[in-house]
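[1] based on what follows, work out the 3D shape:
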Amino acid sequence: MSIPTVPDDAMFGVALAFAVDRMRDLVRRSFLARLCLVSGTTPLWPFAQSTPVDAALADDTTRTHWRTHWHDQLTALGTPAAADPATPGADPITRRSTS
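    Below is the predicted model of the structure:
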């Protein structure tokens, strides 16, 4: 498996740090999306009931609606950049970035 933010020639410890950083960013944005999708008077993905998430994400229209909703929620909170991927890390030894 390849993680795009990990340089191909990175030493194991550095590669692991890049991979952990990428996973941390994915989890952060997943939490934000989930919280935004449960918000509002008619939640798109409520906590209290079962929602066929796989089917929703497989449908282009629903996926776009969900993505727009959670980005709009963050914008309403004044934090639109919270949905963006984190800034790529830099190798602490070579100071080389993966961007």
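[2] nearest spatial neighbour of the spatially most central residue of the chain, skipping sequence neighbours?
    Nearest to the geometric centre of the chain sits Arg29, at 3.3 Å (Cα atoms, centre = their mean). Excluding its sequence neighbours, the residue lying closest to Arg29 (Cβ to Cβ, 6 or more residues apart in numbering) is Ala83, at 6.5 Å. Any C-beta I mention is one placed from the backbone N, CA and C, and that applies to glycine too.
[3] what about that neighbour, neighbour count?
    Close neighbours of Ala83, defined as other Cβ atoms under 10 Å, add up to 17.
[4] what's near enough to touch it?
    Counting by Cβ atoms under 8 Å, 6 or more residues apart in numbering, Ala83 makes contact with 29, 32-33, 70-71, 74.
[5] in helices, which of those residues fall?
    Among those, the ones falling in helices (DSSP state H) are 29, 32-33, 70-71, 74.
[6] Asp54: which of the residues you listed is nearest?
    Ala33 (15.1 Å; Cβ to Cβ).
[7] what's the pLDDT at the closest residue in space to the closest one that isn't next to it in sequence?
    Counting by Cβ to Cβ, 6+ apart, Ala33 lies nearest to Trp70, which is 4.7 Å off, once chain neighbours are set aside. Per-residue pLDDT puts Trp70 at 95.
[8] likewise for Ala15?
    84.
[9] what separates Thr79 from Pro7, distance-wise?
    Relative to Pro7, Thr79 is positioned 30 Å away (Cβ to Cβ, to the nearest Å).
[10] who has more neighbours out of these two?
    Set side by side, Thr79 and Pro7 show more neighbours around Pro7, with 15 against 11, by other Cβ under 10 Å.
[11] where does that one sit: helix, strand or coil?
    coil (DSSP: H, G, I helix; E, B strand; the rest coil).
[12] how about the one 3 residues further on?
    Applying three-state DSSP to Ala10 yields a three-state assignment of coil.
[13] what's the distance between stretch 31-51 and the middle of its chain?
    16 Å (Cα atoms, centre = their mean, to the nearest Å).
[14] could you do stretch 6-15 as well?
    22 Å.
[15] next, count neighbours for Ala76.
    Number of residues near Ala76 (other Cβ under 10 Å) recorded here: 11.
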